[in-house]
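no sequence on this one, just coordinates:
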C-alpha cells in the first residue's frame, strides 16, 4: 500500500513541476484520472447488488490508497456497487459523487464519462466503473487499449495523466487484497 501511495505522490509532484527546466508549468487543466472497477459484489444474481464484506474492505483500501491524491471529483454509475466503492474516498475528502448514467448504449456512457472527466473543475478525478467499461474509458481518455476486465479482477487501479503538453500517461497499479491467481484469465464474460 505504501508503494502505491508513493506512486500517487510522485505523479502529483510530476504534475506540479516545471516541464522544461523551469520554462513552463503544467496547465491548470491537467488531470490525474484514477479509474477502478467497482469492488466485490455481494450477489451474482441481484441486478444491483451491494458490496460484499470483501468489497467493503476493498473500498476502504481504495480510500487509503488515494488519501494523498487530493481527489477533487468522483464519478460513479447509477449502480449501488460503484457508489459504495467510492463512498469511503468521498467521505475522506468530503466530496459529492457525480452519477454518470448509462444512456442508451455503452459507447454513449463511455463518451459521457470521458466528457465529465474533461469538464471536471479539479485535477484529481476518481472514476468507478464496471469490468466492461473501464477499458473503454481508458481508451476514450487517450490511454492504451487494454483488455476488458475479467469477472474476478477487482484490484486494478489505472491512472491516466491528461496533460496539454504531451500524450496521456498511463500507469496500472493494484490496491487492496490481491486478485486470485487466475483472475485475469476469462473465457466467457458475465455481467460485471
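Received, thanks. Note that the structure is a prediction, hence the values are computed from the model and not measured. Residues are numbered from 1 along each chain as shown.

so where do the helices sit in this protein?
In the chain, helices defined by DSSP state H lie at 2-16, 53-65, 80-93, 106-119, 134-140, listed in chain order.

What helices and strands are in contact with the third one?
In this case it means helix 80-93. Using 3 or more Cβ pairs under 8 Å, 6 or more residues apart in numbering; DSSP states H and E as the contact definition, the elements that helix 80-93 packs against are helix 53-65, strand 73-76, strand 97-99, strand 124-129. For every residue, glycine as well, the C-beta is placed using N, CA and C.

Report the mean confidence score over that helix.
Confidence over helix 80-93, taken as the mean pLDDT, stands at 98.

ok and it relative to helix 53-65, angle-wise?
30 degrees (axes from the mean of the first three to the mean of the last three Cα atoms, to 10 degrees).

Report the inter-axis angle for helix 80-93 versus strand 124-129.
In this structure, helix 80-93 runs at an angle of 160 degrees to strand 124-129, with the same axes, to 10 degrees as the basis.

list the buried ones in helix 80-93?
Taking 16 or more other Cβ atoms under 10 Å as the basis for neighbour counts, the residues of helix 80-93 that come out buried are 80-90, 93.

Give me the most central residue, this structure.
residue 35 (1.4 Å; Cα atoms, centre = their mean).

show me what contacts residue 122?
31, 71-73 (Cβ atoms under 8 Å, 6 or more residues apart in numbering).

still on that earlier bit, I'd guessed the residue nearest to the centre of the chain sits against residue 129; true?
Yes - using Cβ atoms under 8 Å as the test, residue 35 is close enough to residue 129 to be in contact (6.7 Å).

any common contacting residues for these two?
Common neighbours of residue 35 and residue 129, using Cβ under 8 Å, 6+ apart, are residue 137.

ok, back up a step: of the helices and strands packed on helix 80-93, which approaches residue 112 most closely?
The stretch from these with the least distance to residue 112 (Cβ to Cβ) is strand 73-76; that distance is 9.4 Å.
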